[in-house]
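K.L.:
got a sequence here, can you build the structure:
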Amino acid sequence: MNINPNLLISDPQPSRADALKNRALLLETAQRLFAEQGVENVSMTAIADAAEVGKGTLYRHFKSKSELCHALLDHETRDLQERSLRRLQNYGDPHDDLSWFLEQVALFVIRNSRLLCVGANSRTDNEGETPMLILEHPAHFWWRITIRGLLQRIQPSGDLDYMADVLYVMLDVHTLYFQREKLGYDTSRIIDGLISTTISLTR
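P.N.:
Residues are numbered from 1 along each chain as shown. Modelled structure (predicted):
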């Protein structure tokens with residue numbers, strides 16, 4: 001027996017307009033719940049429920065809570081990239097440029113530490129996600145590339161890659177959280193310490 005394909009019930013993919021609307025709704029909902037309850041206390045299921053969409057729709061846009069948090073940071077991340085490009089393409093004094101860049105990244109991490117902490121552990125969380133370490137995330141690894149490029153312009157003696165690693169690790173959200181919350185360092189002390197350490201490394 002031949003079956004008319006037009007009579008079959010299908011589950012079509014949402015249109016681009018619907019997909020964009022759902023993505024915006026999910027981001028708005030996540031941001032609201034994070035502000036109300038704290039980032040660490042909100043699950044992906046809670047976000048889908050509050051947005052009144054299926055979990056399939058949520059995971060079609062964001063594969064993990066970590067990915068969703070990075071999407072919330074997209075605008076500020078792009079702003080940091082654009083400001084860095086404008087400054088560094090002028091090839092000013094590399095010491096000044098490196099100090100400026102380290103300060104800007106540190107401020108970015110401090111402002112957004114709650115979002116950056118999500119998925120920044122190598123363990124698997126209770127929703128079955130396997131988060132990516134923040135230092136290896138493509139959205140942040142360009143920090144190390146930039147640091148190394150500026151060090152190369154400075155041409156300090158010693159292992160260039162290891163120096164870049166030292167400075168890069170000092171920008172990790174765990175490092176800055178430990179300094180602020182456990183050691184009581186304020187932002188000024190962190191920035192001053194980064195810059196003075198950089199000067200010592202590059203002499």
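K.L.:
leaving out chain neighbours, which residue sits closest to the residue positioned nearest the centre of the chain?
P.N.:
In the chain, the centroid-proximal residue (C-alpha atoms, centre = their mean) is residue 70; its distance is 4.8 Å. Distance criterion C-beta to C-beta, 6 or more residues apart in numbering; nearest residue to residue 70, sequence neighbours excluded, is residue 139 at 5.6 Å. C-beta: built from backbone N, CA, C; applies to glycine.
K.L.:
give me the element that neighbour is part of.
P.N.:
helix 138-154 (DSSP states H and E).
K.L.:
can I see the domain layout of the protein?
P.N.:
Domain assignment for the chain by automatic domain parsing gives 13-62, 73-201.
K.L.:
which residues of this protein fall in helices?
P.N.:
For the chain, applying DSSP state H gives helices covering 16-37, 44-51, 55-61, 65-72, 74-88, 94-111, 113-117, 138-154, 160-169, 173-177, 187-201.
K.L.:
how far off helix 65-72 does the longest one point, in degrees?
P.N.:
Between the direction of helix 16-37 and that of helix 65-72, the angle (axes from the mean of the first three to the mean of the last three C-alpha atoms, to 10 degrees) works out to 100 degrees.
K.L.:
could you export helix 16-37 as CSV, CA atoms only?
P.N.:
Extracted in CSV, the C-alpha atoms of helix 16-37 (Å, rounded to 0.1, in the frame of the first residue of the first chain):
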residue,chain,number,x,y,z
ARG,A,16,15.6,30.6,11.8
ALA,A,17,13.4,33.3,13.3
ASP,A,18,12.0,30.8,15.9
ALA,A,19,15.5,29.5,16.7
LEU,A,20,16.8,33.1,17.3
LYS,A,21,13.8,33.9,19.4
ASN,A,22,14.3,30.7,21.5
ARG,A,23,18.0,31.4,21.9
ALA,A,24,17.3,35.0,23.1
LEU,A,25,14.6,33.7,25.5
LEU,A,26,16.9,31.1,27.0
LEU,A,27,19.7,33.6,27.5
GLU,A,28,17.3,36.1,29.1
THR,A,29,15.8,33.4,31.3
ALA,A,30,19.2,32.1,32.4
GLN,A,31,20.4,35.6,33.2
ARG,A,32,17.4,36.3,35.3
LEU,A,33,17.6,33.0,37.2
PHE,A,34,21.3,33.4,37.8
ALA,A,35,20.7,36.9,39.2
GLU,A,36,17.9,35.6,41.5
GLN,A,37,19.4,32.3,42.7
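K.L.:
could you list the residues in contact with that helix?
P.N.:
14, 42, 46-48, 50-51, 53, 57-58, 61-62, 68, 71-72, 114-115 (C-beta atoms under 8 Å, 6 or more residues apart in numbering).
K.L.:
can you select the buried ones from those in PyMOL?
P.N.:
Remark: buried members of the contacts of helix 16-37, expressed as a PyMOL selection using 16 or more other C-beta atoms under 10 Å:
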select buried, resi 42+47+48+50+51+53+57+58+61+62+68+71+72+115
